[in-house]
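Trainee: Whatever this is, show me its structure:
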Amino acid sequence: MLRFVAIMLMFAMSGCASIISGSTDKVTFNSTPNGANFQIKDENGKSVHHGTTPSTVSLDRGDGFFDGQTYDVDFSSDGYVSSYQTVDSSLNGWYFGNLIFGGFLGLLIIDPATGAMFDLPENVNASLTPIKK
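Mentor: Okay, here's the model as predicted:
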């Protein structure tokens with residue numbers, strides 16, 4: 001019985017999306033052609049990652065209380081026109097699980113504070129155009 005109460009308290013003290021999804025998301029960056037350089041900046045202009053495609057990066061879902069994160073991504077490769085994309089968060093479906101499991105604490109405090117109430121896309125794809133000579 002004590003174990004059951006402890007488990008119920010754990011669910012009552014946490015948000016549904018926080019339990020299922022967490023506060024970060026893995027996003028895969030691809031390009032055509034492969035091997036392009038990319039740089040990710042958060043909505044404050046801070047560089048959070050740079051690498052070469054294809055690559056999977058763990059990114060924060062949120063940028064503050066009830067605020068999803070937005071990222072700007074620049075793709076570049078020698079002989080190609082650079083490509084720019086915006087990666088924006090959307091509402092995580094598990095957030096609504098708080099109506100059943102996580103309660104108002106998860107709905108109004110935990111998931112909004114951790115950023116777990118948001119989702120990022122699984123893949124970001126860029127097609128680079130060759131520079132005409």
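Trainee: what about the strands in the protein?
Mentor: 24-32, 37-42, 47-52, 55-60, 70-76, 83-88, 90-91, 118-119, 123-127 (DSSP state E).
Trainee: Let's test this: mean pLDDT of the first one, rounded?
Mentor: Pointing back at strand 24-32 there. Per-residue pLDDT over strand 24-32 has a mean of 95.
Trainee: Give me the residues contacting that strand.
Mentor: Strand 24-32 is contacted by residues 38, 40, 51, 53-61, 73, 75, 77, 83, 87, 119-128 when judged by CB atoms under 8 Å, 6 or more residues apart in numbering. Placement of C-beta: from N, CA and C, glycine included.
Trainee: Pull out the buried residues from it.
Mentor: By neighbour count on 16 or more other CB atoms under 10 Å, the buried set for strand 24-32 is 24, 25, 27, 29, 30, 31.
Trainee: farthest-separated two in these?
Mentor: Distance extremes for the buried residues of strand 24-32: the farthest pair is 24 and 31 at 22.5 Å, using CB to CB.
Trainee: still on that earlier bit, would you single out the least confident of the strands of the chain?
Mentor: Ranked by mean pLDDT, those bottom out at strand 90-91, which scores a mean of 80.
Trainee: got a list of what residue 80 touches?
Mentor: So residue 80 contacts 33, 36, 128, 129, 130, 131 (CB under 8 Å, 6+ apart).
Trainee: Go through those and say which is closest to residue 114.
Mentor: Closest to residue 114, out of all of these and judged by CB to CB, is residue 36, at 32.1 Å.
Trainee: and the closest one, what is it in contact with?
Mentor: Shown in contact with residue 36 (CB under 8 Å, 6+ apart): 52, 53, 75, 76, 77, 80, 126, 128.
Trainee: Tell me how far the last one lies from residue 92.
Mentor: If you measure residue 128 against residue 92 using CB to CB, to the nearest Å, the figure is 31 Å.
Trainee: One more: the fourth one?
Mentor: Spatial separation of residue 76 from residue 92 under the definition CB to CB is 31 Å.
Trainee: Between the two, tell me which one has more neighbours.
Mentor: Comparing residue 76 with residue 92 by other CB atoms under 10 Å, the one with more neighbours is residue 92, at 23 against 16.
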